[in-house]
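A.B. asks: Predicted coordinates and the sequence they were generated for:
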Amino acid sequence: MSNIPTILITDDDEAAAHLIQTNLKRAGLNFKSIRAHNGREAIDILENSATDQDLASDEHLLMLLDIRMPKMDGIQVLEYVKSKDSLRKIPIIMLTTTDDPLEVENCYKLGCNFYITKPVDYGKFVSTIKNLAEYIKVCKIPLFKK
């Protein structure tokens, strides 16, 4: 068991996911990354039915979750994860371009831990991800138990 967190990045935008991963690393965050391209794939990874990515037991796991995705959106994933006893303590950070106050409020009601709006401006986006990395460095992330 390691104190290095595993971050499940769930975003259908390949470029955004790459920028998130790259800038977390540039900010000095030591982490294992698992990538889901849509909400259904994220659930499959969490429930251990995904064959191409391994999520071991006893990992410090958190999710970065986009909202607008095909197959299953981020709101549905959030609802699913927080409704399952075996998954509900996974910290979920909504990381999305959506800044609708009603959607933000709904995500918090459903149990997200933080809601971050992705800035459109590249420099601000990089700064936001670096700040997120600094935050993750000081967080105590719970263990994921299968």
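C.D. replies: Good, I have the coordinates. Residues are numbered from 1 along each chain as shown.
A.B. asks: CA atoms of the strand or helix carrying Y80 as PDB?
C.D. replies: Applying DSSP states H and E as the criterion places Y80 in helix 74-83. Only the C-alpha atoms of helix 74-83 are listed here, as PDB (Å, rounded to 0.1, in the frame of the first residue of the first chain):
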ATOM      1  CA  GLY A  74     -20.900  13.100 -14.700                       C
ATOM      2  CA  ILE A  75     -24.100  13.700 -12.700                       C
ATOM      3  CA  GLN A  76     -25.200  10.100 -13.200                       C
ATOM      4  CA  VAL A  77     -21.800   8.900 -12.200                       C
ATOM      5  CA  LEU A  78     -21.800  11.100  -9.100                       C
ATOM      6  CA  GLU A  79     -25.300   9.800  -8.100                       C
ATOM      7  CA  TYR A  80     -24.200   6.200  -8.700                       C
ATOM      8  CA  VAL A  81     -21.000   6.400  -6.700                       C
ATOM      9  CA  LYS A  82     -22.600   8.300  -3.800                       C
ATOM     10  CA  SER A  83     -25.500   5.700  -3.600                       C
END
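A.B. asks: Quick check: phi and psi at the residue most central in space within the chain.
C.D. replies: Per C-alpha atoms, centre = their mean, the C-alpha nearest to the average position across the chain is that of L64, at 1.4 Å. Here is the backbone geometry of L64 (degrees, to the nearest 10): phi -110, psi 120.
A.B. asks: What distance do you get for it to V120?
C.D. replies: The gap separating L64 from V120 is 18 Å, by C-beta to C-beta, to the nearest Å. Quick note: C-beta positions are derived from backbone N, CA and C, even for glycine.
A.B. asks: doesn't I90 make contact with the residue nearest to the centre of the chain?
C.D. replies: No: using C-beta atoms under 8 Å, L64 makes no contact with I90, being 11.3 Å away.
A.B. asks: what's the nearest residue to G74 if we skip its chain neighbours?
C.D. replies: I67 (3.9 Å; C-beta to C-beta, 6 or more residues apart in numbering).
A.B. asks: could you measure that neighbour against K84, distance?
C.D. replies: I67 is 20 Å from K84, by C-beta to C-beta.
A.B. asks: Show me which of these two is the more surrounded one.
C.D. replies: I67 (22 against 13; other C-beta atoms under 10 Å).
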